[in-house]
Every structure is written in structure tokens, then in C-alpha cells.
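K.L.:
Got a predicted structure here, sequence first:
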Amino acid sequence: MLNPVVTVMTKAARVGGNVLLRSMNKLESLNVVQKDRMDYASEVDADAEKAIIKELRRAYPEYGVIGEEGGVLPGKNPRYHWVIDPLDGTSNYLHGFPHFCVSIALVDNGEPSDAVIFDPLRNELFTASRGAGAQLNERKIRVSDRKELAGAMLHTGFPPRERARVGAQLECVRELLNHAEDIRRTGSAALDLAYVACGRADAYFEAGVKAWDIAAGVLLVREAGGKASDFKGAALARMDDGTKAEGRQVIAGNLRVADAVQKVVVQSGYAAAFA
């Protein structure tokens with residue numbers, strides 16, 4: 001049974017997901033803006049975020065909001081923030097590629113305490129609360145039990161804002177492929193993390209991610225028995241810092257594979273690229 005805050009988050013995620021689904025048959029007429037080099041947003045992102053915030057603030061009006069589209073909306077209670085990505089996988093969505101989601105985290109004093117990731121196309125709802133485990137459609141999930149990098153399925157991303165470090169990243173990928181079965185780039189950091197949490201992938205690593213990309217997914221992985229760190233193995237930065245964008249990195253996976261990936265990231269020189 002979901003706790004009350006996750007019930008509210010679930011309703012909000014479904015409302016946001018419905019906004020995304022309603023616009024899928026009119027992609028060619030959407031108003032699209034370029035936020036940065038090869039980084040786009042559409043009116044659907046904004047509409048979904050507004051609908052999500054309306055639902056969340058109806059139940060918890062005192063909490064602040066950190067959203068990908070709307071920025072930081074302060075609340076009366078500075079301890080709590082909703083961290084929202086209304087459409088994680090915007091590029092996929094705009095190309096008609098069916099892989100995207102809604103991601104919502106409740107962050108308590110910088111750390112995610114509750115999480116919802118909703119894939120409206122597959123009707124898959126990933127939820128987690130700190131200390132209570134992680135679920136997919138109300139069934140408990142766990143990270144994979146793979147014990148080494150050999151044969152592992154890894155996920156990563158190639159964000160536009162990290163292209164200056166692409167040489168170091170590709171060297172890391174080359175070394176990882178000496179052992180791993182495959183490395184896939186799906187285009188949605190939140191779903192990558194959700195897939196790690198339920199064992200569909202053994203680990204995920206990416207740089208240039210922002211709090212709204214990973215806050216919910218990191219909690220899912222931890223509550224499913226996994227771990228998350230930055231490229232050097234240190235703790236992740238606060239998830240309620242809406243200004244921190246460039247240079248944020250994450251490695252998440254089951255304990256052994258995450259450690260193995262982190263070791264290669266350091267040995268390949270990729271981690272040093274963020275010194």
C-alpha cells in the first residue's frame with residue numbers, strides 16, 4: 001500500500017502523463033524552443049509541469065518546487081521540495097520515439113525521500129519511499145544480482161552539454177565494452193535508473209545530469225538494494241540545489257557492478273575530466 005505522499009505523487013504523475021499522451025498525435029504542430037545547443041523543450045513539457053504542480057500543491061501547498069521548465073518556486077517550508085521532470089526524454093518524444101516518462105521526487109533537506117517515475121506508454125509506475133523499498137506497479141523490485149562487470153548490461157547517455165568531454169567518455173565506453181555485454185543509450189535518465197532498480201539493467205552512468213533527471217531514480221535504485229555515487233565514488237550533491245547543472249555525474253547500479261563501473265571510469269581518465 002502506498003503512503004499518502006506517494007499516492008499524491010502518483011496522481012500528479014498520471015495527470016502529467018495524460019498531458020503527454022494527448023499531444024502525441026500532433027507532434028508536428030507543437031511549439032518547440034531550443035534551451036541550449038541541441039537541448040529542446042516543447043509546450044507539452046510546460047503544460048505537463050503545470051498540471052503536475054497543480055496536483056502536488058493542492059495537497060502540499062507549503063512545499064517548494066524545482067522543475068525543469070519552471071525553475072525554482074519557493075515554498076513556506078524550506079525543508080521540502082518537489083523535484084520534477086515533466087517529460088524526461090523530450091528528444092525521444094519529439095521524434096516519436098516511444099520511450100519517455102514523468103519523474104517526481106520529494107526531497108527532504110537535500111535528499112530524496114519519496115519517488116515516482118511513470119511511463120505512460122507502458123503504464124509502468126515505479127515508486128519508492130526511503131526505508132520502505134521500491135516497487136513497480138505495486139510489486140517489490142530489486143536490482144540485479146550480477147556479481148561482476150563481465151556480461152553486464154549498462155546504460156549511459158551522451159548529453160549535448162557534455163560533448164566537450166566526449167573523447168574521455170568514448171575511451172571509458174571502449175574500456176567498459178571489453179567486459180560488459182552491451183552499453184545502451186535510451187534517452188531517458190529517469191527510466192535508465194528505474195530499469196536499474198528493477199534489474200533490467202545492471203548499472204547506469206552519465207555526466208551532465210541535473211537534479212530533476214535523477215532525484216527520483218536514485219532513490220529507486222537505493223531502495224531496490226543498489227547504490228549511487230558520483231564518478232569518483234563520492235556522495236551525490238544535494239538534490240534541492242536548483243542552480244547546480246554542469247558537472248553533475250552519477251553512477252548507479254547493484255553494489256558490485258556499480259563499483260566495477262566506477263573503477264573503470266577512474267582508470268580510463270573520464271573521472272579526471274571533471275577535476
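P.N.:
Perfect, I can see it now. It should be emphasised that the depicted structure is a prediction, and the values quoted were computed from it without experimental measurement.
K.L.:
Give the ranges of residues in the stretch 151-275 of the chain that sit below the confidence cut-off.
P.N.:
242-247 (pLDDT under 70).
K.L.:
Swap in 50 and give it another go.
P.N.:
244-246 (pLDDT under 50).
K.L.:
buried ones in stretch 12-27?
P.N.:
12-17, 19-20, 23 (16 or more other CB atoms under 10 Å). Where C-beta positions appear, they are placed from N, C-alpha and C, glycine not excepted.
K.L.:
Just give me the closest of those to residue 122.
P.N.:
residue 17 (10.6 Å; CB to CB).
K.L.:
Pull the most distant pair out of the buried residues of stretch 12-27.
P.N.:
Maximum distance among those (CB to CB): 17.7 Å, for 12 and 23.
K.L.:
who touches residue 88 in this structure?
P.N.:
100-103, 188-191, 212-213 (CB atoms under 8 Å, 6 or more residues apart in numbering).
K.L.:
Show only the entries of those residues found in helices.
P.N.:
Among the contacts of residue 88, DSSP state H puts 189-191, 212-213 in helices.
K.L.:
Of those, which is the nearest to residue 202?
P.N.:
residue 191 (15.1 Å).
K.L.:
Quick check, the closest one in contact with residue 119.
P.N.:
Yes. The criterion here is CB atoms under 8 Å, and residue 191 meets it with residue 119 at 6.5 Å.
K.L.:
what's the longest helix anywhere in the chain packed up against?
P.N.:
With secondary structure taken from DSSP H, the chain has its longest helix at helix 4-22. Applying 3 or more CB pairs under 8 Å, 6 or more residues apart in numbering; DSSP states H and E, one finds that helix 4-22 contacts helix 43-59, strand 77-88, strand 101-108, strand 111-119, strand 124-129.
K.L.:
winner for burial among the ones you listed?
P.N.:
Mean neighbour count (mean count of other CB atoms under 10 Å) peaks for strand 101-108 among the helices and strands packed on helix 4-22, with a mean of 28.
K.L.:
host element of residue 266?
P.N.:
helix 255-267 (DSSP states H and E).
K.L.:
related to what we said a few turns ago, a markdown table for the helices and strands packed on helix 4-22, including distance to residue 233 and mean pLDDT?
P.N.:
Formatted as a markdown table, the helices and strands packed on helix 4-22 follow (distance: least, CB to CB, whole Å; pLDDT from 0 to 100):
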| stretch | distance to residue 233 | mean pLDDT |
| --- | --- | --- |
| helix 43-59 | 33 | 93 |
| strand 77-88 | 23 | 95 |
| strand 101-108 | 22 | 98 |
| strand 111-119 | 18 | 98 |
| strand 124-129 | 23 | 98 |
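K.L.:
Need those in a markdown table (columns: distance to residue 195).
P.N.:
Below are the helices and strands packed on helix 4-22 laid out as a markdown table (distance: least, CB to CB, whole Å):
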| stretch | distance to residue 195 |
| --- | --- |
| helix 43-59 | 22 |
| strand 77-88 | 13 |
| strand 101-108 | 11 |
| strand 111-119 | 10 |
| strand 124-129 | 9 |
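K.L.:
Do a quick rundown of the strands in the stretch 151-275 of the chain.
P.N.:
153-156, 182-184, 203-207, 227-229, 249-253 (DSSP state E, counting those that start in this stretch).
K.L.:
what's the distance between the nearest residue to residue 203 once chain neighbours are set aside and residue 222?
P.N.:
Nearest residue to residue 203, sequence neighbours excluded (CB to CB, 6 or more residues apart in numbering): residue 253, at 2.8 Å. Between residue 253 and residue 222 the computed distance is 11 Å (CB to CB, to the nearest Å).
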